[in-house]
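Engineer: Next one to model:
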Amino acid sequence: MFENIHRLKLKVLVSKVKWNNSDITPRLNMLLDMNYGLNLKKFNNKNYLPEAWFWLVKSTEVKTKKPIPVQFWGQELVVYRGEDGTVNAFEAHCPHMGAHLCDGQVEGNSIRCPFHYWKFSANGTCENIPCQTDTKNVPTLKRFKVTEAYGLIWLWTGDFSDIETVPVIPELKNVKIDWSHGNQFTKNCHPNVVMINAIDAQHFNSVHQLIVDLNMQPKELSERAIQFTNTTPMPQKNFFLKWASRFYQKALTYEMTYWYGNTGSVMIGPDFLHFYIIFALRPTKDGLTEGQTILVTKNRSGILGLLTNRVLLFATKVVGNFFAKGDTLIFSRIRFNYRTPVKADRAIIQFIEHYEKQKEATEWILPPVSQVKSSQKGVQNLHPEEILAH
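Structural biologist: Presented below is the predicted three-dimensional model:
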């Protein structure tokens, strides 16, 4: 009897999970099987990487002409800033004998290997070998698309020609901003799991006992971005809440926007003053989360504006640290297994369905060493016997 009731509730739940005139009813059977999580292909999958912008390091860590080693999703990279100030990122090891290029030196906008002084341009092509003039047989270094924003170096995992921009706060898209960095943190679970915590109405309402029962309504901003906005107005339970409701024309301001399922921005605060926090997350190869909190505010001019920005960013940092530290114990022990969806999980299911549609970063993954030669079109390396014959 209980199972039939539960199946009926799930049927009602899924029939209501809609946005932009599109529903997820085709996945009804997965929900009714009570094994929803087992049927997911991408969400919480440590072996899946979406096309996305991921933060790598702080901009201040990449000094001019000083290459550094960086690891992302199990791959070793070399990152350096050329004389023109542009940041470059390549596969870490020289195609000659595998020396790590971070131990080399930057010349102009190029980088020279420390082992035999082979020099590679900012496009990854070999432009100089000290012992010979011919460089055409050297494979081109795999180059990664990187940019700078919010004082961080970001890496794009999709096709190099893609024009997707680094995540922004929708309300501040065309506004000049000021920012500072909050804490870096590590969570013992996948970024997807960390992200859904911010729209888990059941968790907020039951565990944290918010003054408002959140009702997070989704809106897909693009194929790669989805926004959840609370629609519940301030309650009128007591004098303080009635007084506070004057600062909220409609609902209590709480908005969460996700890009690629791994980076999210929060907008909170009364109508006259919003606070903005970006949580930039990246996955490790073993399925953990490495995060960087970014605090953002509108840029205000003049000395008074500068002081106001500093005060607001400090206040935002306090809030950001609270979010980053929140539920740390739960994340340290969780073994995510989503088997029994309930009505209160509606926003979570909508986020998961959005993430399941993300494209895989097939262009970014480095090929095995045995395939490097074949992946370089037009490149024919000399066979050792040919070298000895000369």
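Engineer: only C-alpha atoms for contact and neighbour calcs from this point on.
Structural biologist: OK.
Engineer: wait, Met216 sits on Gln202?
Structural biologist: No - Met216 sits out of contact with Gln202 when judged by C-alpha atoms under 8 Å, with a separation of 10.9 Å.
Engineer: Report how many residues lie close to the nearest residue to Asp103 once chain neighbours are set aside.
Structural biologist: Spatial nearest neighbour of Asp103, excluding adjacent residues (C-alpha to C-alpha, 6 or more residues apart in numbering): Pro114 at 5.9 Å. Counted with other C-alpha atoms under 10 Å, residues neighbouring Pro114 total 16.
Engineer: Let the chain start at 40 from now.
Structural biologist: Understood, numbering begins at 40; the last thing we discussed is Pro153.
Engineer: Within the helices and strands, which one has Pro153?
Structural biologist: Per DSSP states H and E, Pro153 falls between elements, in no helix or strand.
Engineer: thought it was touching Met136?
Structural biologist: No - using C-alpha under 8 Å, Pro153 is not in contact with Met136, being 10.9 Å away.
Engineer: How about the contacts made by Gly163?
Structural biologist: Phe129, Thr179, Leu180, Lys181, Arg182 (C-alpha atoms under 8 Å, 6 or more residues apart in numbering).
Engineer: re the thing from before, and the residue nearest to Asp142, what are its phi and psi?
Structural biologist: phi -80, psi -20 (degrees, to the nearest 10).
Engineer: where's it relative to His132, distance?
Structural biologist: 11 Å (C-alpha to C-alpha, to the nearest Å).
Engineer: Spit out the residues that contact the two alike.
Structural biologist: Ala138, His139, Leu140.
Engineer: which one of those residues has the most neighbours?
Structural biologist: Leu140 (26 neighbours).
Engineer: Dihedrals phi and psi, that residue?
Structural biologist: Dihedral angles (degrees, to the nearest 10) for Leu140: phi -70, psi -10.
Engineer: Identify the residues contacting it.
Structural biologist: Pro106, Val117, Ala131, His132, Cys133, Ile150, Arg151, Cys152, Pro153.
Engineer: Select, from those, the two members most distant in space.
Structural biologist: The span of those, defined through C-alpha to C-alpha, is set by Pro106 and Cys133 at 13.7 Å.
Engineer: Which pLDDT value belongs to Leu116?
Structural biologist: For Leu116, the pLDDT comes out at 97.
Engineer: Grab the nearest non-local neighbour of it.
Structural biologist: Here the residue nearest Leu116, using C-alpha to C-alpha, 6+ apart, is Ala131, at 4.2 Å.
Engineer: wait, isn't the one you found in contact with Cys141?
Structural biologist: Yes - counting by C-alpha under 8 Å, Cys141 is a contact partner of Ala131 at 7.2 Å.
Engineer: so what's in contact with the two at the same time?
Structural biologist: By C-alpha under 8 Å, 6+ apart, the residues touching both Ala131 and Cys141 are Pro108, Val117.
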